[in-house]
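> Based on what follows, work out the 3D shape:
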Amino acid sequence: MGILESYRDRIKLYVKNAGWYFFSSMFVAIVGLAMNPLMAMNLDPLDYAIVGYFSSYNLLLLPLITLNIDKFYSRQYFFIPEGKRIDLEHTIVSTLLVIGSCSLVLFLAGFYVFYSNTEHSFPFWPYALLAFVQIHLNNIAGLYLSKLKITRQAKKFAIINIGQCLLTQGALILFVVVLHKGALGKLLAPLLISFLFAVYSCVKLLHKNHFDRQIMKTALKFGYPLAFAALFWYFLSGVDKFFLEKLNDSYTFGLYNVGASIALYLQIFYSSVSTTFAPDMYKSIAERNTRKLLTVGGVILATVIISNLLFVAFAPLIIDLLTAGRYTDSCLYARIFAIQNITMAVYLLMGSIMTGYGYVKQQLVLRICAAAVALFIYKYMIDSFGFVGAAWGQVLTFLFAFSITAAFLIIKARKSGPETFETNN
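Numbers count the residues shown, from 1 in each chain. Model (predicted):
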């Protein structure tokens, strides 16, 4: 009876935690959707074009400021003794602060030189600075949220997530709606809130005399192949905006970014379920429980597929409501990006599994191959079909990336056996 009660208590705790994760994720999505008409009434297509263009380069900056050692923290948590976990988190956040700050300065300088020597439709300052600094701050705050997820502090995770959402939306109302700052306000508002939460996260994560050089070396060794792989993510999902900006059609570029931003809200379904089940996924990998891993993956993908297909069916009505009738022409792009959400989710899941098993160098090789093919896909699709071709290029790119990643995992599984899948520690 005691064993049965213990099992029931674990199930109740699991359901409760999952509810908090899902509730906070859905709350953020709903608030964002509710704010969308207000943003649409106060932002012009040029504003959306500017925000979308500069934000796309975050895909290049993010791996440079993190070296993906944040993923090392999430994975390694289950492989080290409990007494070493404080050393782990202090070492990781300290390393991220130093590496991130240096990389940010170098990236800004390099990007400025590139931007100054090429023709562009938008000014460099202050948009690049606002977009790039925010990604560094979000990374620090995100590490603390990762700790809360791993340690299953779901309620605290939800409170912080919701609090950041509400403060960010309040700042957006101030800068975009009240002060009418357009793209400047759209980038400045979340930057200020990200700074507050980054400071709060540092206070919570930093502990004196717990920096471990050996952990740092191991984390960098683990993370640098993933970081290089992440650099090539830009060529999978960001380089389309580089090509499209050269078309000198800010109006259509704005519609394209509106459709992409609306479809982006649907990624909350992947984010929420993957957040809920990520600890179980890494734990099942550590325990070599392939059946449980497949079950978790199936739940994640089913949620993503159903939610995005429903959006495709009702997209015209949804977009009319979310943009106050101003950007209904973005419906075409939004539908395509909803399909892209599915192919991207499948690829992300495959990548997470590869990371969990420790195949980081192999993941880098596969990402480089996918990025090389993506350049040809985008170039051909944009030259042939313009903005619509760029959107479909996203779908095809992630479909190809998923295919080669899945092929690698299948080959490995057949060599190792379904219950003895090799794990690289």
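> Just to check, residue 265 is in contact with residue 35?
No - contact criterion CB atoms under 8 Å: residue 265 and residue 35 do not qualify, at 10.7 Å. For glycine as for every other residue, the C-beta is placed from the backbone atoms N, C-alpha and C.
> where are the low-confidence patches of this protein?
Counting by pLDDT under 70, the chain has low-confidence residues at 1-14, 78, 81-83, 207-209, 272, 275-279, 416-425.
> Who are the packing partners of the biggest helix by length in it?
The helix spanning the most residues in the chain, taking DSSP state H as the definition, is helix 360-416. Applying 3 or more CB pairs under 8 Å, 6 or more residues apart in numbering; DSSP states H and E, one finds that helix 360-416 contacts helix 213-231, helix 233-237, helix 239-245, helix 250-265, helix 331-357.
> Give me the angle between the first one and helix 331-357.
Here the directions of helix 213-231 and helix 331-357 differ by 150 degrees (axes from the mean of the first three to the mean of the last three CA atoms, to 10 degrees).
> and helix 213-231 with helix 360-416, angle?
Helix 213-231 runs at 90 degrees relative to helix 360-416, counting by the same axes, to 10 degrees.
> So which bits of stretch 298-310 are buried?
By neighbour count on 16 or more other CB atoms under 10 Å, the buried set for stretch 298-310 is 300-301, 303-304, 307-308.
> Same check on stretch 44-63?
45-63.
> ends of it, how far apart?
Counting by CA to CA, to the nearest Å, you get 31 Å between the two ends of stretch 44-63.
> Tell me where the stretch 51-200 of the chain has strands.
Using DSSP state E, counting those that start in this stretch, the stretch 51-200 of the chain contains no strands.
> mind listing the helices in it by residue range?
With DSSP state H, counting those that start in this stretch, the ranges of helices along the stretch 51-200 of the chain come out as 58-66, 69-76, 85-116, 127-150, 154-172, 182-205.
> what distance separates the second one from the middle of the whole chain?
It stands for helix 69-76. Remark: helix 69-76 is offset 15 Å from the chain centroid, using CA atoms, centre = their mean, to the nearest Å.
> now that helix against helix 331-357, angle please.
50 degrees.
> Nearest spatial neighbour of the residue nearest the centre of the chain, chain-adjacent residues omitted?
Taking CA atoms, centre = their mean, the centroid of the chain lies closest to residue 271, which sits 8.3 Å from it. Excluding its sequence neighbours, the residue lying closest to residue 271 (CB to CB, 6 or more residues apart in numbering) is residue 25, at 5.9 Å.
> Give me the neighbour count for the one you found.
A count of neighbours around residue 25, defined by other CB atoms under 10 Å, yields 24.
> State the helix or strand in which it lies.
helix 2-42 (DSSP states H and E).
> Near residue 180, how many other residues are there?
11.
> and what of the one 5 residues further on?
As a burial measure, the neighbour count of residue 185 was computed by other CB under 10 Å and equals 23.
> And residue 313, by the same measure?
Residue 313 sits with 12 neighbouring residues when counted by other CB under 10 Å.
> Ramachandran angles for it?
Backbone torsions for residue 313, taken as degrees, to the nearest 10, come to phi -70, psi -40.
> gap between it and residue 49?
28 Å (CB to CB, to the nearest Å).
> Kindly report the same for residue 294.
Applying CB to CB, the value for residue 294 to residue 49 is 42 Å.
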